[in-house]
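Asks: how does the following fold in three dimensions:
(2 chains)
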Amino acid sequence: MNRINQKLQEDKKLLSIYFTAGYPNIDDTVSSIQNLEKNGVDMIEIGLPFSDPLADGPTIQASSTEALKNGMTSEVLFDQLKGIRKSVNIPLIIMGYFNPMLQYGVESFCKKCQEIGIDGLIIPDLPVDVYHDEYKSTFEKYGLINVFLITPQTSDDRIRYIDSISKGFIYMVSSASTTGAQSGFGQEQTSYFERIANMNLKNPQIVGFGISNNETFTQATKFAKGAIIGSAFVKHVTHEGVNSIDRFVNKFIV
Amino acid sequence: MSYNVNEKGYYGEFGGAFIPEMLYPNVEELRQNYLKIMAEPDFQKEFNQLLKNYVGRPSPLYFATRLSEKYNTKIYLKREDLNHTGAHKINNTIGQILMAKRLGKHRIIAETGAGQHGVATATVCALMGLECIVYMGEIDIARQAPNVARMKMLGATVVPATSGSKTLKDATNEAIRDWIRNPVDTHYIIGSVVGPHPYPDMVARFQSVVSDEIKWQLQEQEGRENPDYVVACVGGGSNAAGAYYHFLEDETVKLIAVEAAGLGVDSGESAATSILGREGIIHGSKTLLMQSNDGQITEPYSISAGLDYPGVGPMHAHLYKSSRAEFIAITDDDAMTAGLDLCKLEGIIPAIESSHALAVFEKKTFKSEDIVVLSLSGRGDKDLETYIKHFKL
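Replies: Residues are numbered from 1 along each chain as shown, chains lettered A, B, ... in the order given. Now for the predicted structure:
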């Protein structure tokens, strides 16, 4: 069974962390992953940086630009991750934009992921239909779960459709927003979380975008299976470096 | 082979809508409605009236006597430079503002490079009384001060794009991010035949008035509807799309697309996307784009801000790949010389974008009986400073 599916069966709310590969320093990728697992994180999104990240706010844009300057590429990331499964057991997901994968070759990219032990991919700008018609069989051949996004504007019909072709979890974008911390969730978010919970989807949902502290984490996971923290973590390592990951994570582990 | 868009939003293998789910409802709403709305008689009526009475259409198809003599062929200039706001851009913004109103949107966003599309958008927003936010790269804001002032005078808010390389591609990213944050009340007026389907097709249709007019104007003057060649410059490709549109499927009409070679195609400072680009995804569209081996989008260069885009519309990628259009790259220097030449020969100061198209006559020999229609996409007022610097005027 894929590590993501296994993890989703655990009887707990999942804490998932996004970080940008090759940031703050090119060699921080592996130690970030190891540190995150050691400190009790359930799942990791490894951000493959892109020059034009349309769905990201200023924090992840800046870390991506910096990581690219540091020399991060698909090839470098795969090299760094070689052997990662000797020390890390939690699910690992690569999150990135479609063009770098297209240039690497989608099949080669997926094959590399399988060799390394990557469990899934999140590709915001690969539309559901294109995935379904052109790439689904390739992803499945290499045992990769592709994770789709839904937003407060996604219609019920489309959510059901996305649920029907999802194999792991649904990435629930918390609000109409790019990535980045907000001050908190209001009534609008709460009713959206509730609406989705009431749809009784076959895939569990994990909430992302705008989760920065224990309060937003608790709100998001009241109805959902877990939550993803990205920008807040990237900000933390920007200021504190990767050695202080424990201090960040401990805020969320109750 | 068809050169138009298919029902899935592709031109051959190019196009589509590679957008994050957050944009899906907006783009889908547009996709489901744009053809229906454009076909409504009252939309047509309002669009045509504004083109006539506000933009000043039809724009003349002018037989350039002295230019024709110099190159020993028959050259007609399609005078888009005489439109209100000084370029073809307004044809599209008029169309899209009417579209936005019918979709019930009351907040308009746009991206701009040199500021021409920003001004054209700010203009139609003022005309319709709608809020207008224009994203513009921080670097472009600094080097295009007059257009920034124009937009402000027209009531628009100009927001600097400070991410990435701080130019057109980043302004486009910021506009897209704004649309993600404002999914209900906002329409995004894209300025060229780029972006996710249905934008390339919708913008091409709004610009197609150009080739529609060429047909009847040429009939009046030459007794035939079809020229032998249509020449246009291509950045994103909207003026070319408009000039080609009604000739696309008739292969007796040869199409020439002129790209900016910058300092030279091999200089590392160029915007000749068809030569330097590979298939990839930019701003929601699969097309040819300039990128690193690893798939990072690279920054192009051209003296002309309007041609300074790392991608090209999917229609043009298909015209290139299928060899339907001939692509010619023109350097900064050759474009500037051709621009000055037109001033002296015809009394017309062209935009530097259009000067690239004009430089084709030095590169390619036409027969004396050939009829060549060239899209003079914009006027050169905005470029005076560049002309002054280049020629030490």
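
Asks: which stretches of the stretch 51-200 of chain A form strands?
Replies: A:92-95, A:120-122, A:145-147, A:149-150, A:170-173 (DSSP state E, counting those that start in this stretch).

Asks: what of the stretch 51-200 of chain B?
Replies: B:61-63, B:74-79, B:107-112, B:131-137, B:157-161, B:186-189.

Asks: columns mean pLDDT, mean neighbour count and distance to B:Gly306 on top of these, output as a markdown table?
Replies: (C-beta placed from N, C-alpha, C; glycine too.) A markdown table is the format used below for the strands of the stretch 51-200 of chain B (pLDDT from 0 to 100; neighbours: other C-beta atoms under 10 Å in any protein chain shown; distance: least, C-beta to C-beta, whole Å):
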| stretch | mean pLDDT | mean neighbour count | distance to B:Gly306 |
| --- | --- | --- | --- |
| strand B:61-63 | 98 | 18 | 21 |
| strand B:74-79 | 98 | 24 | 16 |
| strand B:107-112 | 98 | 27 | 10 |
| strand B:131-137 | 97 | 24 | 13 |
| strand B:157-161 | 97 | 19 | 17 |
| strand B:186-189 | 98 | 24 | 16 |
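
Asks: quick one: pLDDT of A:Val254?
Replies: Listed pLDDT for A:Val254 reads 59.

Asks: helix, strand, or coil at the closest residue to chain A within the stretch 251-393 of chain B?
Replies: Using C-beta to the nearest C-beta, B:Gly295 is the residue of the stretch 251-393 of chain B that sits closest to chain A, at 3.4 Å. At B:Gly295 the chain is in coil, as set by DSSP: H, G, I helix; E, B strand; the rest coil.

Asks: list the contacts for it?
Replies: Shown in contact with B:Gly295 (C-beta atoms under 8 Å, 6 or more residues apart in numbering or on different chains): A:Phe50, A:Ser74, A:Asn99, A:Pro100, A:Met101, A:Leu102, A:Gln103, A:Tyr104, B:Gly280.

Asks: nearest to A:Thr29, of those residues?
Replies: Checking those against A:Thr29 with C-beta to C-beta, the nearest one is A:Ser74 at 12.6 Å.

Asks: which residue is the nearest non-sequential neighbour of the closest one?
Replies: In space, and not counting its chain neighbours, A:Ser74 is closest to A:Tyr104: 4.7 Å by C-beta to C-beta, 6 or more residues apart in numbering or on different chains.

Asks: any idea how far B:Ser292 is from the one you found?
Replies: For A:Tyr104, the distance to B:Ser292 (C-beta to C-beta, to the nearest Å) stands at 12 Å.

Asks: got the contacts of B:Gly295 as CSV, with neighbour count columns?
Replies: Output for the contacts of B:Gly295, formatted as CSV (neighbours: other C-beta atoms under 10 Å in any protein chain shown):
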residue, neighbour count
A:Phe50, 26
A:Ser74, 23
A:Asn99, 26
A:Pro100, 24
A:Met101, 24
A:Leu102, 19
A:Gln103, 21
A:Tyr104, 20
B:Gly280, 23
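
Asks: closest to B:Pro60 out of the residues you listed?
Replies: Comparing the contacts of B:Gly295 against B:Pro60 with C-beta to C-beta picks out B:Gly280 as the nearest, at 39.3 Å.

Asks: isn't that closest one right up against A:Gln103?
Replies: Yes: in terms of C-beta atoms under 8 Å, B:Gly280 counts as a neighbour of A:Gln103; the distance is 6.5 Å.
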